[in-house]
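>>> need the 3D shape of this:
(4 chains)
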There are 2 protein chains.
Amino acid sequence: MILKIDFASETPIYEQLKNQIVEGITFGLLKEGEQLPSVRQMAEDIGINMHTVNKAYSILRREGLVIIYKGSGVIVNDFSKMRNKSFLKEVPLLIKPVIAEAYCKGINEEEFLDKCKEIFNSIYKGKK
Amino acid sequence: MILKIDFASETPIYEQLKNQIVEGITFGLLKEGEQLPSVRQMAEDIGINMHTVNKAYSILRREGLVIIYKGSGVIVNDFSKMRNKSFLKEVPLLIKPVIAEAYCKGINEEEFLDKCKEIFNSIYKGKK
DNA sequence: TAATCTGTTATACTTAATATATAACAGATA
DNA sequence: TATCTGTTATATATTAAGTATAACAGATTA
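Numbering: from 1, shown residues only, chains lettered A, B, ... in the order given. This is a model prediction of the structure:
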């Protein structure tokens, strides 16, 4: 899996890393049970500090997306069986600002939903 | 219009303020041509610094959502005629991480799109 | 005209988040 | 026994965020 960190971005490195791993899992680039590079290896590959990687991994563990075996390594959790209903309540809080800005800039409901559907379609494509 | 700032939030104050004004415009709480409180008045109302308000206002001007008259005040721009096609390209970048996380946590396409539609419906409700 | 409002700019300061750097520790593996 | 794994601790540098004061120029109003 190829990771691209934008060092000029306002988004923190650990968050970019976390997001890309989540997307890797979602879009099928990272399979269930697959092992992630060690914190040191990942840090060396990207050219960042070990602790920055560790921060991303820890967040992923807290969210249940990976399992960390102390002394062994980090593997992708079986999220197909997972169902976190509570996150459904957070979705509106996350997308409301995006929809508001989009609407102000002349983007209508159909256009917005199409973009969402495109993303879901690329998820299904990665799964087949 | 009622503004609620969460001082314990990770989201910066100026960004919360900006988002709530954008949402105010979108959901019809702020009408076109309506004047916003001055940077000093708004700062006093919320209990924050003048510069923090100014930062939010400046961002809104850069995005074309308000017009600032130096010496006079800040008014809501006529965004009904505005169409910023370039933002349509940014939408996937903004919602992709949200969809990815939602999908990992067992939320499917229908559930996600329903949340989006609910938000759009509340926009239409505010406009009628 | 003078006073007072508006946004703007400049400077200085404090706090917190981010990221790095080293080191050491305990569990797992070869 | 080495060497890998994640983890914890400590220290440091940098940057973003927020505050505090002050001054400036344009607009408004008494």
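
>>> just want the residue of chain A that's nearest DNA strand C.
residue A:71 (2.7 Å; CB to the nearest atom of the strand). Glycine gets a C-beta too; all of them are placed from N, C-alpha and C.

>>> wait, is that residue part of a strand?
No - in this structure, residue A:71 is coil, not part of a strand, as judged by DSSP: H, G, I helix; E, B strand; the rest coil.

>>> got the domain boundaries for chain A?
Annotated domains of chain A cover A:13-76, A:85-127 [automatic domain parsing].

>>> for those domains, give me a markdown table that also has mean neighbour count.
Shown next, in a markdown table, are the domains of chain A (neighbours: other CB atoms under 10 Å in any protein chain shown):
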| stretch | mean neighbour count |
| --- | --- |
| domain A:13-76 | 17 |
| domain A:85-127 | 16 |
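
>>> figure out which of these is closest to residue B:117.
Among the domains of chain A, the nearest to residue B:117 by CB to CB is domain A:85-127 (7.3 Å).

>>> close to chain B, is that closest one?
Yes - counting by CB under 8 Å from any CB of the partner chain, contacts between domain A:85-127 and chain B involve A:85, A:87-88, A:91-92, A:94-107, A:109, A:111-113, A:115-120, A:123.

>>> any idea how far residue A:54 is from DNA strand D?
Separation of residue A:54 from DNA strand D (CB to the nearest atom of the strand, to the nearest Å): 5 Å.

>>> quick one: that residue and residue A:38 touch, right?
No - using CB atoms under 8 Å, residue A:54 is not in contact with residue A:38, being 10.1 Å away.

>>> helices or strands up against the helix or strand where residue A:75 lies?
Per DSSP states H and E, residue A:75 falls inside strand A:73-76. Judged by 3 or more CB pairs under 8 Å, 6 or more residues apart in numbering or on different chains; DSSP states H and E, strand A:73-76 is in contact with strand A:35-36, strand A:66-69.
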